[in-house]
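**Student:** I need the structure of the sequence given here:
(chains A and B)
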Amino acid sequence: DIQMTQSPSSLSASVGDRVSLSCRASQNINNFLNWYQQKPGKAPKLLIYGASSLEGGVPSRFSGSGSGTDFTLTISSLQPEDFGIYYCQQSYRTPTFGQGTKLEIK
Amino acid sequence: RLQESGPGLVKPSETLSLTCTVSGGSISSINEHWAWIRQPPGKGLEWIGSISSTGNTYFIPSLKSRVTFSVDTSKNQFSLRMRSVTAADTAVYYCATNVVGPIPGVNWFDPWGQGALVTVSS
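**Tutor:** Reported below is the predicted structural model:
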């Protein structure tokens, strides 16, 4: 299995901050990497697919980058509604998810 | 667009059965597979497997011996059956559309159902 490791495990930031979340794969996954946002009691929501393609309806402050083993999800200007847990997921082989980064608003 | 249904409580060693009803689209779409993903309370996400509209199935190896998928195109539904459950199978079970691209590796899960909590307990 391909292991996905996210860092940090949790993060607290202020409205307006630029925030970067990291995801590392245990082997090369090209750009087969997706990002999801999950809010308490809700299903995950797709934000980014193919490492850098923004899903329709997702605010442009979200962006994804990276290839190979290292990937980043960036929120350019944090908004109050951006709290939640963010998961990366590789689709290069049998799908696996990272353990998540919990983002809190200060 | 996707809605899970099924018992919320299953006894140990019995079979967990869930159905996902798809609305607003056809389960026969060739560019979409249909996935089950679970999340134990307070933990992360685990893909269980996916099924295509033609019945091709893909499973996580650790669950393959206990899991069966099926598709009912007449009802726009797909189903999960998991045998011999234990407390470790207690989780929120999500069904999701597994969007499949033109080359291997290009796929993602969107949208998801709201989730169904299944508790394994006597």
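
**Student:** contacting residues around the residue nearest the centre of chain A?
**Tutor:** For chain A, the residue nearest the mean C-alpha position is A:Trp35 (4.1 Å; CA atoms, centre = their mean). By CB atoms under 8 Å, 6 or more residues apart in numbering or on different chains, the residues touching A:Trp35 are A:23, A:46-48, A:62, A:64, A:73, A:86-89. Bear in mind the C-beta positions are built from the backbone N, C-alpha and C, glycine included.

**Student:** ok, those residues vs A:Pro80, which is closest?
**Tutor:** The closest of the contacts of A:Trp35 to A:Pro80 turns out to be A:Phe62 (CB to CB; 14.8 Å).

**Student:** and the spatially closest residue to the closest one that is not a sequence neighbour, how far is that from B:Thr57?
**Tutor:** Nearest non-adjacent residue to A:Phe62, counting by CB to CB, 6 or more residues apart in numbering or on different chains: A:Leu47, 5.4 Å away. Distance, A:Leu47 to B:Thr57, using CB to CB, to the nearest Å: 28 Å.

**Student:** Which one's more surrounded, those two?
**Tutor:** Taking other CB atoms under 10 Å in any protein chain shown, A:Leu47 and B:Thr57 do not tie; A:Leu47 has more neighbours (21 against 15).

**Student:** who in chain A is up against chain B?
**Tutor:** Counting by CB under 8 Å from any CB of the partner chain, chain A comes close to chain B at A:29-30, A:32, A:34, A:36, A:42-46, A:49-50, A:55, A:87, A:89, A:91-92, A:94-100.

**Student:** filter these to the buried ones?
**Tutor:** Buried subset of the residues of chain A next to chain B (neighbour count, 16 or more other CB atoms under 10 Å in any protein chain shown): A:29-30, A:32, A:34, A:36, A:43-46, A:49-50, A:55, A:87, A:89, A:91-92, A:95-100.

**Student:** Now, the residues you listed that are in strands?
**Tutor:** Those of those mapping onto strands are A:34, A:36, A:45-46, A:49, A:87, A:89, A:96-97, per DSSP state E.

**Student:** Pipe those into TSV and attach pLDDT per row.
**Tutor:** Listed next are these as TSV, based on pLDDT from 0 to 100:
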residue	pLDDT
A:Asn34	98
A:Tyr36	98
A:Lys45	98
A:Leu46	98
A:Tyr49	96
A:Tyr87	98
A:Gln89	98
A:Thr96	97
A:Phe97	98
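
**Student:** Looking at the residues you listed, point me to the pair that's furthest apart.
**Tutor:** A:Lys45 and A:Thr96 (18.8 Å).

**Student:** got a list of what the residue most central in space within chain B touches?
**Tutor:** Note on chain B: the residue nearest the mean C-alpha position is B:Trp36, at 2.2 Å, using CA atoms, centre = their mean. By CB under 8 Å, 6+ apart, the contact set of B:Trp36 is B:18, B:20, B:47-50, B:69, B:80, B:93-96.

**Student:** hmm, 6 Å instead?
**Tutor:** B:Trp36 makes contacts with B:48, B:80, B:95, as judged by CB atoms under 6 Å, 6 or more residues apart in numbering or on different chains.

**Student:** Thanks again, I'm all set now.
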